[in-house]
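Visitor: just coords:
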């Protein structure tokens, strides 16, 4: 079953912050985040494993709350280059492959 | 540098035609995947393969088949294309056999239009 992402779309001005959420109805083992810029291939951002750790690089970080079966991606002081569609992929504790959400379209304007 | 290539960026076919979408990876990865991407539906898995000549159905395999004769190449076949198969098709690969949640590397996609 696909995880649910929210919001579906968000528009920001450069320098603003955003949060993208990913929720599952099933117990999760890991959450993966990918970004796809317009016309390009999705690229891997980070993976969060069961244990509730928070990860990040540069001004993009993520958390994983396994009890709530959800993950959040935090984009701080957004840059124009952050524009794109963000996908979460979830691995359940009973499954063996990733299932991707429907995506969140992020637009950063000057 | 990791590379996944797809044979065409854009393809236009007619209803009923047999369509082949090709994907090649140069990373010696064990796993390969085919997804379709539609607005509001995200990435949905059609088929995947964890070894040469091995294939497994994903979430939406109906109307599709696949072929993996060589490790680096994974083909998606639409036996008789229909208009509801108009979509963006993405190929991906990952390293470890049977560890299907390893980081996936995606190709640029093929936008298929069926008229």
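Guide: Yep, it's here. No experiment lies behind these values; they were computed from the predicted model shown. Numbering: from 1, shown residues only, chains lettered A, B, ... in the order given.

Visitor: residues near residue 76, how many?
Guide: All of this is about chain A. Applying other CB atoms under 10 Å in any protein chain shown, we find 16 residues neighbouring residue A:76. Yep, even glycine has a C-beta here, placed from its N, CA and C like the rest.

Visitor: I was after chain B.
Guide: Residue B:76, neighbours per other CB under 10 Å, totals 23.

Visitor: what sits closest to residue B:87 if chain neighbours are left out?
Guide: residue B:36 (4.5 Å; CB to CB, 6 or more residues apart in numbering or on different chains).

Visitor: can you find the helix or strand of chain A with the lowest average pLDDT?
Guide: In chain A, the helix or strand scored least confidently by mean pLDDT, DSSP states H and E is strand A:55-57, which has a mean of 70.

Visitor: ok, back up a step: mind checking the SS state of the residue nearest to residue B:87?
Guide: Under DSSP: H, G, I helix; E, B strand; the rest coil, the three-state class of residue B:36 is strand.

Visitor: what is the neighbour count of residue A:105?
Guide: 16.

Visitor: wait, doesn't residue B:63 sit right on residue B:79?
Guide: Yes - contact criterion CB atoms under 8 Å: residue B:63 and residue B:79 qualify, at 7.3 Å.

Visitor: quick one: which of these two has more around it?
Guide: Using other CB under 10 Å as the criterion, residue B:63 and residue B:79 rank with residue B:63 on top: 14 against 11.

Visitor: and the more buried one, its phi and psi?
Guide: phi 90, psi 0 (degrees, to the nearest 10).

Visitor: returning to what we had before: just list whatever residues bridge to the residue nearest to residue B:87.
Guide: When assigned by DSSP bridges, residue B:36 has beta-bridge partners residue B:44, residue B:89.

Visitor: tell me the contacts of it?
Guide: B:43-44, B:46, B:60, B:87-90 (CB atoms under 8 Å, 6 or more residues apart in numbering or on different chains).

Visitor: let's see that with 7 Å instead.
Guide: Each residue near residue B:36 by CB atoms under 7 Å, 6 or more residues apart in numbering or on different chains is listed here: B:44, B:46, B:87-89.

Visitor: returning to that earlier point: and the next helix or strand past the least confident helix or strand of chain A?
Guide: Sequence order places strand A:60-65 as the next helix or strand after strand A:55-57, per DSSP states H and E.

Visitor: one step back: just the pLDDT at the residue nearest to residue B:87, thanks.
Guide: On pLDDT, residue B:36 comes in at 97.

Visitor: which one of the contacts of residue B:36 is nearest to chain A?
Guide: Comparing these against chain A with CB to the nearest CB places residue B:44 closest, at 7.5 Å.

Visitor: identify the residues contacting that closest one.
Guide: Applying CB under 7 Å, 6+ apart to residue B:44 gives the contacts B:35-36, B:59-60.

Visitor: ok, how many other residues are close to the residue nearest to residue A:23 when sequence neighbours are not counted?
Guide: Spatial nearest neighbour of residue A:23, excluding adjacent residues (CB to CB, 6+ apart): residue A:70 at 4.3 Å. Applying other CB under 10 Å, we find 20 residues neighbouring residue A:70.
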